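[1] fold the following for me, if possible:
(2 chains)
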Amino acid sequence: MNKFLILLLLPLTLLAHLNIAVSYPYIGAITKSIGAEHINTVVLAKGNWDPHFVVPRPSLISKMRNADALIMNGGQLEIGWLPPLINRAGNPRTVVGASTFLNLSHHIEMIHKPSQVDRSGGDVHPDGNPHFHLDPKNIIVLAQSIRDFLISIDIEHRDIYEKNYDKFESDWKEKMSIWQKKMADKKGMKVIQFHNNLAYFNKAYGLVNVGTIEPLPGIPPSSRHIIKTIKLINEQKPCCILHDVYHSTKTAEYIKDKTGIKIILMPHDIGALESIEDLSSLFEYLTSAIK
Amino acid sequence: MKKILLTSTLCASILFAGTDVLPVEKRTFAQSKFIPDISLIMDMSYVNRSVKDHEAESLEVPGVAHGLLGSHTHGSNTHATYNANNGFNLNYAELVLSSSVDPFFTMDGVFHFSENGVEIEELFFTTTALGYGLRVKGGKFNSNFGYLNEQHHHYWDFNDMPLVYESFLGMHGINEKGVQAQWTAPTDTYLMLGVEALQGENEQMFGNGEIDLTKINAAASPAEAEAADAPSLFIAYAKSSVDVGDTTILGGLSYAQGKSRIDHTDDATNKHAFSADSKIYGADLVIKHYFDSYSSLKWQSEWMMRDMDGTQYANNAGGAFVSVSLTKKQAGLYSQLVYAYDKNWKVGARYDSIYQNDVKANGVDKNMPTDMDKYSAMLEYSTSEFARFRLQYNRNNALYKEVAGKDVQQNIDTIIFQVNISIGAHGAHSF
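    Model (predicted):
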């Protein structure tokens, strides 16, 4: 019986790619660049939706159940949807602490770590701002962590992962210098956002965020705060509202009517807008958006 | 001597208090980093019902259940349904603790505090290391029968339980001690199979204890309804789900089989007991469409049918003890539609019905009413994920009042304003 089972399963193991579940599309893209044909990536969240509010659809439980490894953003970005999927999947390879589980936030220096954590301040992230992948320098750090992670779970293909990483790094650095040039004259420019999800992008290119349309993280705009924001715009003269794709732009449009400020839609991940098909096009778009 | 001791302790403690308190990470043996996730949930309501409280308590769903509204005293303990009284109700405080135990288990505890005492609502461990899509749970927990049963009250879209759930299973649903095993199939399409072996002590439907029939009548023969072997409740279910674009469809079939030992021998009037073999068949369907990250339309429906076959013990009109062979075939459903406009606003409507109510005594149909339904509407506003305010209106046509030996249908209107607030860790909810 056992022999029969082995015979039956053998061809499967020979063909097996590592099935790697990742929480967001950008992680899938980096992982695929390094793992190439030796892995399959299964992206759980959609790129055009709020990364904080992903629906834990039962179909995602099946994806988790069949995964050989899990890579997540961390920094509590997935706190509202990933835990029940992990719990329900019954897969020891995707539980927190497993050697096949990678929390990317542990490899990144996060900014805006609040000195005080209290819900009266809205939906604060106690470990800092978790939208760190929007600094292109961090993409390199993340790619390194993913390379090391892939090697640790699949030592056999070490050389390939290292080679792919090296190629990824040199390509990325080349692009980074182009983006740097494009953004050079934007340094010091003031901007407004809906939610501060471009904190790392702004930091990378020296943009100064002077305010957000939501009064506190995760708390929808109130009329009092809108009036305050209009006043702030008139005083500080920021160039534009950098708006995410998943919140309604209704409030921003109202503010635009009152102040004449530009609204620029800023994708946060692959798939956020139809034209954003990979990591390069994401940053290509972001660095070209502000004119 | 005593004085010296006292002064020296006092001095020592002052000295100690004077020194800087070491930060947590430097206290060598401090374990505060291992504190489990803790949350506390409060639920309060303001109720305005078209019947007086003492009247509501005595109403029943004929042949199905009684005590669906108000509070009830059994012997020394009192228990109340949610939103039991006109005016203000403190429904509960729920304390939830959860953490991983070691690399192999997690543990969750849900403690339900009400004005009538504390209950361990749930306390269970779950395996995390079995693999092959297998997961085993042991302890006391909400069964995964149907869709709503597993969810806690604070996650429901309405303040009260659907009529068919509450009538068949009581306000806690199937909440039992036992074990559960669930297996997720290694397929692309979600398919989960589960089985549960439970003690079988549900107040409304299941039970396995011996009942002393002499409390009904000193001359009762037999003198007791025999106890059933415990555990006595067995449950199996299958659930599957597919996504069609931004629409998720989740369906399930459930089956429960157990023993009923329903003891009303302590009631003030109309003492009776019922001993039976019981089954429930359930089907559920949830279709949820997402317009964007915050806005959705959810259609949720469940159907349940129960089949009970046993013996009822009571006194007849002449005061003589009689045992009657009694069968109950009853079925009901609810269907609700909830529209989430954005993160703050939700609006919903629900239809409830018990449409089949075949009760036969010694093979003779007792002609129980079947036109029992309930209509509900709600509007809710959440300031954040942690605070929700909900206004609900119910029109309940399922409750009957006994007038001169006859069941008379009541039409009860209820307005409930509910406040549900939570602090601490916020456990994410599954679909």
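[2] which SS class is the most centrally placed residue in chain B?
    Nearest residue to the geometric centre of chain B (C-alpha atoms, centre = their mean): residue B:172, 2.1 Å. Classification of residue B:172 using DSSP: H, G, I helix; E, B strand; the rest coil returns coil.
[3] any idea how far residue B:144 is from residue B:183?
    Applying C-beta to C-beta, to the nearest Å, the value for residue B:183 to residue B:144 is 12 Å. (Glycine included, C-beta is placed from N, CA and C.)
[4] check whether whichever strand or helix holds residue B:323 comes into contact with chain A.
    Assigned by DSSP states H and E, residue B:323 belongs to strand B:321-340. No: residues of strand B:321-340 contacting chain A under C-beta under 8 Å from any C-beta of the partner chain: none, with a closest distance of 11.1 Å.
[5] hmm, back to that, neighbour-wise, which of residue B:183 and residue B:144 wins?
    Neighbour count, other C-beta atoms under 10 Å in any protein chain shown: between residue B:183 and residue B:144, residue B:144 has more, with 21 against 18.
[6] chain neighbours aside, what residue packs nearest to the more buried one?
    Using C-beta to C-beta, 6 or more residues apart in numbering or on different chains and skipping the chain neighbours, the partner closest in space to residue B:144 is residue B:150 (4.9 Å).
[7] that neighbour - how many residues pack around it?
    Residue B:150: 16 surrounding residues under other C-beta under 10 Å.
[8] pLDDT value on it, please?
    With respect to pLDDT, residue B:150 scores 96.
[9] wait, it touches residue B:124, no?
    No: the criterion here is C-beta atoms under 8 Å, and residue B:150 misses it with residue B:124 at 11.8 Å.
[10] so who does the spatially closest residue to residue B:56 that is not a sequence neighbour touch?
    Distances taken as C-beta to C-beta, 6+ apart put residue B:69 closest to residue B:56, at 4.0 Å, once the chain neighbours are dropped. Taking C-beta atoms under 8 Å, 6 or more residues apart in numbering or on different chains, we find residue B:69 in contact with B:49, B:56-57, B:59, B:81, B:84, B:399, B:412.
[11] which helix or strand contains residue B:69?
    Taking DSSP H and E as the definition, one finds residue B:69 inside no helix or strand.
[12] which pLDDT value belongs to it?
    On the pLDDT scale, residue B:69 gets 77.
[13] can you give me phi and psi for it?
    Phi and psi for residue B:69, reported as degrees, to the nearest 10, are phi -120, psi 150.
[14] for chain B, what are the nearby residues on chain A?
    Taking C-beta under 8 Å from any C-beta as the measure of proximity, chain A contacts chain B at A:49-50, A:53, A:55-59, A:61-62, A:65-66, A:79-85, A:87-93, A:95-97, A:119, A:122-123, A:218-220, A:246.
[15] buried ones only from these, please, as a ChimeraX command.
    Applied in ChimeraX, the following selects the buried portion of the residues of chain A next to chain B according to 16 or more other C-beta atoms under 10 Å in any protein chain shown:
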select /A:49,50,53,55,56,57,58,59,61,62,65,66,79,80,81,82,83,84,85,87,88,89,90,91,92,93,95,119,123,218,219,220,246
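[16] may I have the strand or helix carrying residue B:168 as PDB, with CA atoms only?
    For residue B:168, the element it lies in under DSSP H and E is helix B:163-169. Only the C-alpha atoms of helix B:163-169 are listed here, as PDB (Å, rounded to 0.1, in the frame of the first residue of the first chain):
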ATOM      1  CA  LEU B 163     -36.400  32.700  14.900                       C
ATOM      2  CA  VAL B 164     -35.600  29.200  13.700                       C
ATOM      3  CA  TYR B 165     -32.300  29.100  15.600                       C
ATOM      4  CA  GLU B 166     -33.600  30.500  18.800                       C
ATOM      5  CA  SER B 167     -36.800  28.300  18.700                       C
ATOM      6  CA  PHE B 168     -34.900  25.000  18.000                       C
ATOM      7  CA  LEU B 169     -31.700  25.600  19.800                       C
END
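[17] wouldn't residue B:189 be in contact with residue B:243 here?
    No: counting by C-beta under 8 Å, residue B:189 stays clear of residue B:243, with 9.5 Å between them.
[18] common neighbours of the two, please.
    residue A:59.
[19] so between these two, which is more surrounded?
    Taking neighbours as other C-beta under 10 Å, residue B:189 and residue B:243 compare with residue B:243 leading, 16 against 12.
[20] show the model's pLDDT score for that one.
    Here, the pLDDT recorded for residue B:243 equals 96.
[21] which residues does it bridge with?
    Taking DSSP bridges, one obtains residue B:248 as the residues bridged to residue B:243.
[22] quick one: contacts for it?
    Counting by C-beta under 8 Å, 6+ apart, residue B:243 makes contact with A:57, A:59, B:249.
[23] what do you get if the cut-off is 10 Å, keeping everything else the same?
    Contacts for residue B:243 (C-beta atoms under 10 Å, 6 or more residues apart in numbering or on different chains) come out as A:55, A:57-60, B:189-190, B:249-250.
[24] can you check residue B:255 too?
    Residues counted as contacts of residue B:255 (C-beta under 10 Å, 6+ apart) are B:145, B:234-238, B:279-282.
[25] what's the answer for residue A:47, then?
    Neighbouring residues of residue A:47 by C-beta under 10 Å, 6+ apart: A:24-26, A:28-29, A:245-246, A:267-273, A:276, A:282.
[26] same thing with residue B:354?
    Applying C-beta under 10 Å, 6+ apart, we find residue B:354 in contact with B:61-65, B:163-164, B:167-168, B:304, B:330-334, B:368-374, B:398.
[27] buried subset of these, written for PyMOL?
    Of these, the buried ones go into a single PyMOL selection, burial set by 16+ other C-beta under 10 Å:
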select buried, chain B and resi 61+62+63+64+65+163+164+167+168+304+330+331+332+333+334+368+369+370+372+373+374+398
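[28] the chain: helices as residue ranges?
    No chain in the question, so chain A it is. Secondary structure of chain A (DSSP state H): helices located at A:2-15, A:25-35, A:58-65, A:82-89, A:136-153, A:158-183, A:199-205, A:223-236, A:250-259, A:279-289.
[29] my question was about chain B, not that one.
    Secondary structure of chain B by DSSP H: the helices cover B:2-18, B:53-57, B:163-169.
[30] returning to that earlier point: so what's the residue nearest to the centre of chain B scoring on pLDDT?
    Looking at residue B:172, its pLDDT stands at 89.
[31] follow-up on the earlier one: how distant is the strand holding residue B:323 from the center of its chain?
    16 Å (C-alpha atoms, centre = their mean, to the nearest Å).
[32] output the contacting helices and strands for it.
    In terms of contacts (3 or more C-beta pairs under 10 Å, 6 or more residues apart in numbering or on different chains; DSSP states H and E), strand B:321-340 is packed against helix B:163-169, strand B:272-290, strand B:296-315, strand B:345-361, strand B:372-384.
[33] buried sites along that strand?
    Neighbour-count burial for strand B:321-340, counted by 16+ other C-beta under 10 Å, picks out B:321-324, B:326-328, B:330-338, B:340.
[34] now it and strand B:296-315, what's the angle there?
    Here strand B:321-340 runs at an angle of 170 degrees relative to strand B:296-315 (axes from the mean of the first three to the mean of the last three C-alpha atoms, to 10 degrees).
[35] partner strands of strand B:321-340, with direction?
    Its sheet considered, strand B:321-340 pairs with strand B:296-315 (antiparallel), strand B:345-361 (antiparallel) by DSSP bridges.
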